[in-house]
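Novice: This is a predicted model, with the sequence first.
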Amino acid sequence: MNELRWDPTLREWVAYATHRQDRTFLPPAEYCPLDPTEPGGFPTEVPRESYDIVVFENKFPSFVLDAREPDEPGSALTPTAPGRGVTEVVLYSDDHGATLAGMSERRIRNLVEVWADRYRELGAREEVAYVFIFENKGEAIGVTLHHPHGQIYGYPFIPPRPKKELEAARDHREAHDSCLHCDLLAEEHADGRRIVHKGEHFTAFVPFYAHFPYEVHVYARRCVPSIAGLDEDERRDLARALKRLLPGYDALFGFSLPYVMVMHQAPTGGRDHAGVAHFHVEFYPPNRTAEKLKYLAGSEVGAGAFIVDALPEATATELREAVEEAKR
Ligand SMILES: [Zn+2]
Ligand SMILES: [Zn+2]
Ligand SMILES: [Zn+2]
């Protein structure tokens, strides 16, 4: 059952996908459903003896293309809609123990290609309004499978956070005739204290207004609306930026750091978003320290107001040092 219900108080859709309750939950490594299928072994999701990068449709999808009309009709105040969309799984490697941080720059470069390709393909579908590429990493984030993988949701609507960001960027464009993200990036470059890595075409920094202590945003230097618009050099440099940042994250506390990685870019339905949407990747590690996690509690969940106990200038300094250390 894939159904959307409208929350008129927050003016956003909530998606219901009841079959997801039966999801595989942290199976032992020898029964990983994302491993290659061994000859004579149990059949996994990938019926091959080895693979490089694989994309397939999620077995427990939050959205499906053929979702039927909801049983619940809702009301004028609280309408419902079919949960139509696409959910895909992207396997980064056939090596169960691998992480994005440990992968070669070359493999990450291939992954960038896959992401761009999926953005284009899913975005071309009539049902999809927004292509959301993301990764949940680590048990602290609630991942159900350890095998290195990310996900792609093709939402039938523009989800609230990107929508809010796009509206802010559109207002900024109207008021100043410039791109909000380009202006923010220029301020980060001019200040310099929160920059974690500066490559040829991408800059990674802890934003001035970070909501999480070790939050990092990776911005394309050129005002490109989506990952599909990046040229060869930019794609290579995005892979390099990730290959700098992620080992730095792992060097920070000396363990593989959990995080949520998300990509923000142009919606794919109709309207032109040039000069408003500006491709970037955002990382949200839940850790405040090596042992302590930041939990979203009263102020964050109920009021939407984040309270952070470390200044971005300080955490960026730590991260910059960790990135340097990881390079050695
Ligand atoms: Zn596995
Ligand atoms: Zn821009
Ligand atoms: Zn963003």
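Specialist: Arrived safely. Everything numeric in this text was worked out from a predicted model, so none of it was measured. Ligands and ions are numbered 1, 2, ... in the order given.

Novice: Strands of this protein, start to end?
Specialist: Under the criterion DSSP state E, strands of the chain are mapped to 2-7, 12-17, 54-57, 80-82, 86-91, 130-137, 149-155, 195-198, 202-205, 216-220, 259-264, 280-284.

Novice: would you list those in TSV and tack on mean pLDDT?
Specialist: Formatted as TSV, the strands of the chain follow (pLDDT from 0 to 100):
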stretch	mean pLDDT
strand 2-7	95
strand 12-17	95
strand 54-57	94
strand 80-82	96
strand 86-91	96
strand 130-137	97
strand 149-155	97
strand 195-198	98
strand 202-205	98
strand 216-220	98
strand 259-264	98
strand 280-284	98
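
Novice: of all these, which lies closest to ligand 3?
Specialist: strand 259-264 (3.5 Å; C-beta to the ion). (Each C-beta comes from the backbone N, C-alpha and C, glycine too.)

Novice: rewinding a little: in JSON lines: the strands of the chain, plus distance to ligand 3 and mean neighbour count.
Specialist: Below are these laid out as JSON lines (distance: least, C-beta to the ion, whole Å; neighbours: other C-beta atoms under 10 Å):
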{"stretch": "strand 2-7", "distance to ligand 3": "22", "mean neighbour count": "18"}
{"stretch": "strand 12-17", "distance to ligand 3": "17", "mean neighbour count": "16"}
{"stretch": "strand 54-57", "distance to ligand 3": "24", "mean neighbour count": "14"}
{"stretch": "strand 80-82", "distance to ligand 3": "26", "mean neighbour count": "18"}
{"stretch": "strand 86-91", "distance to ligand 3": "20", "mean neighbour count": "21"}
{"stretch": "strand 130-137", "distance to ligand 3": "11", "mean neighbour count": "22"}
{"stretch": "strand 149-155", "distance to ligand 3": "15", "mean neighbour count": "22"}
{"stretch": "strand 195-198", "distance to ligand 3": "16", "mean neighbour count": "20"}
{"stretch": "strand 202-205", "distance to ligand 3": "13", "mean neighbour count": "25"}
{"stretch": "strand 216-220", "distance to ligand 3": "7", "mean neighbour count": "25"}
{"stretch": "strand 259-264", "distance to ligand 3": "4", "mean neighbour count": "21"}
{"stretch": "strand 280-284", "distance to ligand 3": "5", "mean neighbour count": "22"}
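
Novice: Tabulate these in a markdown table, adding columns for distance to ligand 2.
Specialist: Below are those laid out as a markdown table (distance: least, C-beta to the ion, whole Å):
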| stretch | distance to ligand 2 |
| --- | --- |
| strand 2-7 | 31 |
| strand 12-17 | 26 |
| strand 54-57 | 29 |
| strand 80-82 | 32 |
| strand 86-91 | 26 |
| strand 130-137 | 18 |
| strand 149-155 | 23 |
| strand 195-198 | 17 |
| strand 202-205 | 12 |
| strand 216-220 | 8 |
| strand 259-264 | 12 |
| strand 280-284 | 9 |
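
Novice: Make TSV from these and add distance to residue 113 to it.
Specialist: Formatted as TSV, these follow (distance: least, C-beta to C-beta, whole Å):
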stretch	distance to residue 113
strand 2-7	30
strand 12-17	29
strand 54-57	12
strand 80-82	32
strand 86-91	12
strand 130-137	13
strand 149-155	14
strand 195-198	21
strand 202-205	16
strand 216-220	16
strand 259-264	14
strand 280-284	15
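
Novice: pLDDT below threshold where in this structure?
Specialist: Low-confidence segments of the chain (pLDDT under 70): 20-30.

Novice: Show me where the protein has its helices.
Specialist: Along the chain, counting by DSSP state H, helices occupy 105-123, 160-176, 180-191, 232-253, 312-327.

Novice: Show me which of those helices has the highest average neighbour count.
Specialist: Ranked by mean neighbour count under mean count of other C-beta atoms under 10 Å, the helices of the chain are led by helix 232-253, which reaches a mean of 21.
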